[in-house]
Each structure stands twice: as structure tokens, then as C-alpha cells.
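J.: sequence first, then the predicted structure:
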Amino acid sequence: MGGRHRTDELDGGFDPQYEPPPPRRRAGRGTVFVPLAGAVALAVLLGVAAYVVVNKSPGCAGEKVKLSVVASPDIQPAVQKIATRFGKSGRAVDGKCVAVTVKAADPADVANAMAGTGPTSGKLDPDLWIPDSSLWLSGVKNAPEPAGNAASTPVVLAASRTGADKLQSAFSPSWTGLMSAANAGNPDGLARKVRVLTLDPTQNAAGLGALLAGSAVLKQGGGSEETLVGVLRQLSESTVSTPDSMFATLTKAAARIPVGVTSEQAVWSYNTTTTPSNPTVALYPAEGTVSLDYPIIVTAKDATTRKAAQALATEVTSPNGRKTVQDFGFRTPDGKGGSLLKPDNGVSAKKPSAIPLPDAATVTRLSQAWHQIKLGTRLLALIDVSGSMAEPTDTDGLTRMRAISEIGIEGLKLFPDKTEIGVWVFSDNLRGEGVDWKPVVQIGPLAQQTNGVTRRDLISRQLRQLTPTPNGNTGLNDSLWAAYQKMTKEYAPDKVNTILLFTDGVNDDPNGGISDTEIVRKLKQAYDPKRPVSVLIISFKTVKDEERAQTMAIAKATGGAAYFPQTVMEIRNIFLKGIARRLQ
């Protein structure tokens, strides 16, 4: 997204208990297939193309029609076989034979080339394109209607055979379980037993399909938007660079059982072409799943070339074409699996229940949310240590200061090590007359060490040591303005830049300073939507209408938000869900 960053915010047929026979080596040299649609190696993208030599026949002679086909790497071998057969048949188009080249290319690259919206790894201008999913078409303006579908394969969860056995007591294969295990807002839940892995949904259709299926199930079950963003935040830190890396990780012994998201065909391909000692098992979500649908897109502009492309599309969708794609571990477009989809290969031919793909607007919204989540965070926590913070939160005697400190420590778990965080405290005259704020921890990456101590641990220590200033007033406006100037001056364009203000009231500074009206005016003037620094406020125990109005005016001036919790539990929910949603 350009411009301003928003800151507010397995029934599927397979039983993992099966005992498969020892892995078998396939006769002959075999073919190594790329198991997933995205993250294609540059050498594959640029080099591995097969040229179909067309035998002359009485029906065609002379100059040939050159037909350029680009296919998703996982289905390219099947399309190549079909194209070879098509060429040898001597099929004539306008009296000319057809010479076909079939290249493998990352669907994201082709979509970017067609839409002109992103980087590509070479010139990509095919006459016929077969991506792994119609999802790629949502970003292509005036995309042609598919001339049929080449194949299908469902998006599944995956674990190693030994991992699947261990999952029986911890995890029921489902999108609900996956979302629970991947929720950054609940690190002490299922996430303690299960580690979720995914490929970048902006580069891999199976990764995007999984997010769409999971969010659909979450929404249907009444789940909150905050939970979804918590999942996105966690998954953004759990992506693997390539399909091969995912399968390698699934087989490693670990305290938390790794569960990946991939396609059924990728599982089949991994098991049948690498003969692993610990095969991967496809786990079919109980709620159903989405499928990759391999649309056939004719993009040729020349009339004769378009006829050739249509003829090849007809061959791909013919009974022989359907049989060929099944031989490569795919299903037909209606979901029918071939004889090779069997437990011996880690999969099941039983057709899983279907979750329909959402509309283009939903796809775009989720993709944008992912981009937002992937942005780094630069955060300055501004914490009120005035005298009123010594007051109890409720009948158990816990002070407001202690409640904020403990929840702040817990909230640190939400942020990855690359997050840049600093802490200031404020009351009045903390560093001499008229200087109401004091830096406690300078802003920097949480993983950065000073004298052998990480910034994450240093912040935790400082939060535990915070104490209210006896008889201290609330020099909020001067402190906030100083913090805002710092964050604006040190703005990081590749991050979400935010001030997180914890307080229990509004400005109360007997020494004067910036007035309530003036702070709102200053913030409005300083706010730059192209370099946004937003203020998020958690104002505890604030009930007076005029105080709430002032607090909301401050937040609104910077595109931020204000929350007014009355209990510790409300603070917890805001911090762990709402703030995670807005900052990550």
C-alpha cells in the first residue's frame, strides 16, 4: 500500500495414524518437481523450458505458429507432456503446424508483469498462462476469462509422519486449530505445542488460500478481527523462504510440532520424488478447504496464435489431459483424484469439503493486511508515573502503576525481536523545573544487547521497577509533544511509527506548559499523512466526559485512537489484541 500506513488497527479422508510401507524408489531417473507454486528458483524461471518439435504432417507445412506457454512450476511438467503430445499430433492451425514452448514461472511474477505492479524476474509475455490459482487474477485489471481449468489441488495442512502421530493428543487438524496455534495474542495456548509454518501469501497461492480459508472459518465462528491480525502477526514471523525449506523443517525434531500449509500435490510430489525417510502427511481441515484451480488464461493477441492457444487449452481439458494431470498428483477441476492419491504417498483421494474462494475485494483486503503486518514497528511507550498511579485498580489492592507494568511486560511477547521500542516516563519536573519527561530505555531493536542484556529484558526490568512519583502531577502535554517531535524527526519509512501513551487522566501541570487546546493544534499541524506518526492512548479509569473528549481529540489529531478501560482485564484485552492489531 502506498501513502499512509494504517496503525489502528481433517475428516478430509486421511488418518494420520496409518502405518505406511517403507519408502520406495521410483524406477529410472524420474523427474524432480517443484512442490509449491511460489518461490521459484531463478534458474528454473529463466532456464528450464522445453521445446516441442512438431512433426510435419499432411495437414500442415511451412512456417509454424509459435506458441509460448508459461505455467506454474508445479504443473509445468504435466503441461509439458500434454504439449508434447499435442505437437506430435500434427494439429494444424490455419494450415500451419504449432511449435510450443512451455516454461515454468512463478505466478506472482507473471501477475506482476501483467498488472505492472511489482517486480519480475525476467520478460514474461506468454500466449497462454496457467497459474496455480485464480487468486492471482484479482490484481490484474481486465484479466481474460479462463478458457477452462487445467487441474485442481486442495490446500492442506502438513506434518511429518512422526509429527502427525504426536499431534493426535494436541491438535485436531482444522483451520480453527491452526488459527489458535498461530495467534500471537495467545502465546501460552496451543502455540506452546504447535509451531505453524507458512509461505509468503503474496508469493504463494497456497499460503494466501490458507489465510482466506482460516479467516472465513474464524468469521463464521464469530471470531474477532483482532484475533485474525494476531494470527497474521505471528505467521509473518513464521514464513519459510522456499517449499523445500518447509518440508525440511517439518521433518526436524523439535519441542513444538511443526505444521505447515501447502498443497496436496506438493505433499504428493515431495513424497514420491525424494523418497524421504520421514514422509510428509497431508492433514485435511475438518471444516473443508479451498483449492488451487489452475485457470487457463489465453493472452495471445494475434488471431492465429489465439487459435493455437485455444486448441492447446482444449487438449489440456480433454480426457487425456485430465488423465495426465492426475498422473502428476493433481485432481481434475471437479476434485476427482487419480489412483496415485493414496495413503502410501501421504495423501487421500477422497474429495475434501469445499470452502469457496472469496471475492476480489476480500482477497485484496487480506493481502493489504499482510503487507501492513510485515512492516516493522518503531514504538515509543510514554508511561504516566504521576502520583495518582499509586491508586488501586480494584478491591485486590493492585495499583494502577503495577497493573500497567505487568501488562506491559506481557505485551512485549507480542513483538518480534526486530521491533524497535523505547520507554519514557512522565509526571512533572522529572529532570528539573519544566522538564516533565525522562527517557528510561532508548529506542532500538528488542534483540539488541547492551552489556550482555537484550533491550527486551532491559525494558521488562525497568517496567518492574516503575514507581509513582509522590505528589507528582501529570505533565502530559509537554511530554507528549517532546515525544512526538522525537518520533517525527527520527521517522523510519519502512516501519509503523507510533507513540503508545499510558495514563490515568489528562494534562494537570500547575507549572503551565502547553495547554489542552494548543497540544491538539500542534499535533494536527505536525501530522504528515505521508510520514505518519500516530498516538494511541490507553487512559485508565478516565470517566469524565470532558477528559475523554480531550483524550480522543489528541488521538484523532494524529490518526490514532483512545481507549478507556475501567478494569485490569479490559487493559489486557486492549493491549494484547487491539494494540497488536494496530501496531503490527
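T.: Now that the structure is in, tell me what you want to look at.

J.: now do the helices in the stretch 1-150 of the chain.
T.: Assigned by DSSP state H, counting those that start in this stretch, the helices in the stretch 1-150 of the chain fall at 42-47, 76-88, 107-115.

J.: make CSV from these and add mean neighbour count to it.
T.: C-betas here are computed from N, CA, C, even on glycine. As requested, the helices of the stretch 1-150 of the chain are exported to CSV (neighbours: other C-beta atoms under 10 Å):
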stretch, mean neighbour count
helix 42-47, 13
helix 76-88, 22
helix 107-115, 22
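
J.: switch the ones you listed over to a markdown table; also include mean pLDDT.
T.: Shown next, in a markdown table, are those (pLDDT from 0 to 100):
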| stretch | mean pLDDT |
| --- | --- |
| helix 42-47 | 32 |
| helix 76-88 | 94 |
| helix 107-115 | 86 |
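
J.: count the neighbours of Thr153 for me.
T.: Counted with other C-beta atoms under 10 Å, the neighbours of Thr153 add up to 30.

J.: returning to that earlier point: so which of the helices of the stretch 1-150 of the chain gets nearest Arg192?
T.: Closest to Arg192 of those is helix 107-115 (C-beta to C-beta; 33.6 Å).

J.: extract the CA atoms of the closest one and return them as CSV.
T.: Output of helix 107-115 as CSV, limited to C-alpha atoms (Å, rounded to 0.1, in the frame of the first residue of the first chain):
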residue,chain,number,x,y,z
PRO,A,107,2.7,-17.0,-10.9
ALA,A,108,3.4,-13.9,-8.8
ASP,A,109,6.0,-12.8,-11.4
VAL,A,110,3.6,-13.2,-14.3
ALA,A,111,0.8,-11.4,-12.4
ASN,A,112,3.1,-8.5,-11.6
ALA,A,113,4.2,-8.4,-15.2
MET,A,114,0.6,-8.3,-16.5
ALA,A,115,-0.5,-5.8,-13.9
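
J.: can you offset everything so residue one is 675?
T.: Okay, residue one is now 675; in that scheme the one you just asked about reads as helix 781-789.

J.: other SSEs contacting it?
T.: If you count contacts as 3 or more C-beta pairs under 8 Å, 6 or more residues apart in numbering; DSSP states H and E, helix 781-789 packs onto no helix or strand.

J.: mind doing that once more with 10 Å?
T.: strand 739-745, strand 802-804, helix 879-894 (3 or more C-beta pairs under 10 Å, 6 or more residues apart in numbering; DSSP states H and E).

J.: so which of those is the most packed in?
T.: Mean neighbour count, computed with mean count of other C-beta atoms under 10 Å, is highest for strand 802-804 among the helices and strands packed on helix 781-789, reaching a mean of 28.

J.: what is the subsequent helix or strand relative to that strand?
T.: Downstream of strand 802-804, the next assigned helix or strand under DSSP states H and E is strand 827-834.

J.: that following strand relative to helix 879-894, how many degrees between them?
T.: Here strand 827-834 runs at 90 degrees with respect to helix 879-894, directions being taken by axes from the mean of the first three to the mean of the last three C-alpha atoms, to 10 degrees.

J.: just the C-alphas of strand 827-834, formatted as PDB.
T.: Extracted as PDB, the C-alpha positions of strand 827-834 are listed here (Å, rounded to 0.1, in the frame of the first residue of the first chain):
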ATOM      1  CA  THR A 827      -5.400 -29.500  -5.700                       C
ATOM      2  CA  PRO A 828      -6.700 -28.600  -2.200                       C
ATOM      3  CA  VAL A 829      -4.800 -26.500   0.300                       C
ATOM      4  CA  VAL A 830      -3.900 -28.800   3.200                       C
ATOM      5  CA  LEU A 831      -2.100 -28.700   6.500                       C
ATOM      6  CA  ALA A 832       1.000 -30.900   6.500                       C
ATOM      7  CA  ALA A 833       3.200 -32.600   9.100                       C
ATOM      8  CA  SER A 834       5.800 -35.300   9.100                       C
END
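
J.: helix or strand right after it?
T.: Following strand 827-834 toward the C-terminus (DSSP H and E): helix 835-841.

J.: quick check: mean pLDDT of that next one?
T.: The pLDDT scores in helix 835-841 average 87.

J.: just name whatever secondary elements it is in contact with.
T.: strand 827-834, strand 868-871, helix 917-924, strand 931-937, strand 954-957.

J.: in that helix, what counts as buried?
T.: 835, 837-839, 841 (16 or more other C-beta atoms under 10 Å).

J.: can the helices and strands packed on helix 835-841 go into TSV with extra columns for distance to Lys762?
T.: Below are the helices and strands packed on helix 835-841 laid out as TSV (distance: least, C-beta to C-beta, whole Å):
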stretch	distance to Lys762
strand 827-834	27
strand 868-871	42
helix 917-924	32
strand 931-937	30
strand 954-957	35
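
J.: quick one: which of these is nearest Lys1215?
T.: Closest among these, using C-beta to C-beta: strand 868-871, at 37.8 Å.

J.: pull up the pairing partners for the closest one, direction included.
T.: Here strand 868-871 is paired, per DSSP bridges, with strand 931-937 (parallel).

J.: how far off helix 917-924 does the helix or strand that the strand it pairs with is followed by point, in degrees?
T.: Scanning forward in sequence from strand 931-937 by DSSP H and E, the next helix or strand is helix 938-948. Per the same axes, to 10 degrees, the angle that helix 938-948 makes with helix 917-924 is 80 degrees.

J.: how far does helix 938-948 sit from its chain's centre?
T.: Here helix 938-948 is found 24 Å from its chain centre; the criterion is C-alpha atoms, centre = their mean, to the nearest Å.

J.: one more: stretch 916-932?
T.: 18 Å.

J.: using PDB, write down the CA coordinates of that stretch.
T.: The C-alpha trace of stretch 916-932 is given here as PDB (Å, rounded to 0.1, in the frame of the first residue of the first chain):
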ATOM      1  CA  THR A 916      11.000 -21.900  -0.100                       C
ATOM      2  CA  PRO A 917       8.800 -25.000  -0.300                       C
ATOM      3  CA  ASP A 918      11.900 -27.200   0.100                       C
ATOM      4  CA  SER A 919      12.700 -25.300   3.400                       C
ATOM      5  CA  MET A 920       9.200 -26.000   4.700                       C
ATOM      6  CA  PHE A 921       9.400 -29.700   4.100                       C
ATOM      7  CA  ALA A 922      12.900 -29.900   5.600                       C
ATOM      8  CA  THR A 923      11.700 -28.100   8.700                       C
ATOM      9  CA  LEU A 924       8.600 -30.400   9.100                       C
ATOM     10  CA  THR A 925      10.900 -33.400   9.500                       C
ATOM     11  CA  LYS A 926      13.100 -31.900  12.100                       C
ATOM     12  CA  ALA A 927      12.600 -33.000  15.700                       C
ATOM     13  CA  ALA A 928      11.500 -30.000  17.900                       C
ATOM     14  CA  ALA A 929       9.800 -29.300  21.200                       C
ATOM     15  CA  ARG A 930       6.900 -27.800  19.300                       C
ATOM     16  CA  ILE A 931       5.500 -29.900  16.500                       C
ATOM     17  CA  PRO A 932       5.800 -28.100  13.200                       C
END
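
J.: pull out the buried residues from that stretch.
T.: If you call a residue buried by 16+ other C-beta under 10 Å, then stretch 916-932 has these buried ones: 916-918, 920-921, 923-925, 931-932.

J.: which one of the helices and strands packed on helix 835-841 lies closest to Thr1038?
T.: Ranking those by proximity to Thr1038 (C-beta to C-beta) places strand 827-834 first, at 19.1 Å.

J.: distance from the closest one to the middle of the chain?
T.: With C-alpha atoms, centre = their mean as the basis, the mean position of strand 827-834 lies at 17 Å from the chain mean.

J.: pLDDT below threshold where in the stretch 925-1074 of the chain?
T.: Low-confidence segments of the stretch 925-1074 of the chain (pLDDT under 70): 1069-1070.

J.: cutoff 80 now
T.: Low-confidence segments of the stretch 925-1074 of the chain, defined by pLDDT under 80: 927, 1031-1032, 1042-1043, 1045-1050, 1067-1071.

J.: can you map out the strands along the stretch 925-1074 of the chain?
T.: Using DSSP state E, counting those that start in this stretch, the strands of the stretch 925-1074 of the chain run over 931-937, 954-957, 965-966, 971-972, 1050-1058.
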